[in-house]
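Novice: Let me see the structure of the following:
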Amino acid sequence: MTLLIELIRHGESELAGSFRGSTDDPLTEKGWSQLREAVAGEQRWNHIVSSPLQRCSRFAQELALTLGCELTLRDDLQELHFGAWEGRSSADLYKTDAAALSQFWDDPYAFTPPEAESLMDFEHRVLGALQQLYLQHKGERLLLVTHGGVIRLLVARARGLPRKGLLQVNVGFAQRFRLSLDDQGVLKELI
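Specialist: Numbers count the residues shown, from 1 in each chain. All right, here's what the predicted structure looks like:
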């Protein structure tokens, strides 16, 4: 049996342009508009699952209420925690720590920012969440309201990209992706 998963990234938030990670910044008005527009007319999900961070969860709560759909908040679908880089922009980090930032961009699995969650731990957390969702919701259609890093990880895996290719997956604000997950744990991108 297959689980159909639609992923949507949160809209623009107040700290856009920085490594937000676990920082709990709210959506801007533009971010709310991006999300509402991205799901306009949609009513085909059995369940909505969201990161508890407000840039995801507040919209997920509104949508669940509008659609009369059940909502679950899951900590394990939060963004990668960036440690000492939280709230800092790439431009700022290039001024103070260009070598470290370049190492992260080149291979995020091989370099973990100071005090941050490793990509291996992040991958284990997110894939564990996905397996639990499969067991709870197989045969259903879910909407996951989450973050760019979570979506990159899942889409890269569905596309069969090597780990170094994680950052090749571009994920814009309020962008949607469709995946299927089968009983063998195989993710496929649906186009």
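
Novice: for the chain, what spans make up the strands?
Specialist: Assigned by DSSP state E, the chain shows strands spanning 3-9, 47-50, 70-73, 141-146, 176-181, 187-190.

Novice: tell me the most buried of those strands?
Specialist: The highest average neighbour count among the strands of the chain, using mean count of other C-beta atoms under 10 Å, belongs to strand 141-146 at a mean of 24. The C-beta positions use only the backbone N, C-alpha and C, and glycine is treated the same way.

Novice: same for that one, what does it pack against?
Specialist: strand 3-9, strand 47-50, helix 54-67 (3 or more C-beta pairs under 8 Å, 6 or more residues apart in numbering; DSSP states H and E).

Novice: Now do that strand against helix 54-67, angle only.
Specialist: 150 degrees (axes from the mean of the first three to the mean of the last three C-alpha atoms, to 10 degrees).

Novice: Parallel or antiparallel, list what pairs with strand 141-146.
Specialist: With DSSP bridges as the test, strand 141-146 is paired with strand 3-9 (parallel), strand 47-50 (parallel).

Novice: of the ones you listed, which approaches Leu153 most closely?
Specialist: strand 3-9 (10.3 Å; C-beta to C-beta).

Novice: can you list the residues that contact that closest one?
Specialist: 35, 38-39, 45, 130, 133-134, 137-148, 150-151, 154-155, 171-182, 190 (C-beta atoms under 8 Å, 6 or more residues apart in numbering).

Novice: for the protein, where's the lowest mean pLDDT among helices and strands?
Specialist: None of the helices or strands of the chain scores lower by mean pLDDT, DSSP states H and E than helix 90-106, at a mean of 94.
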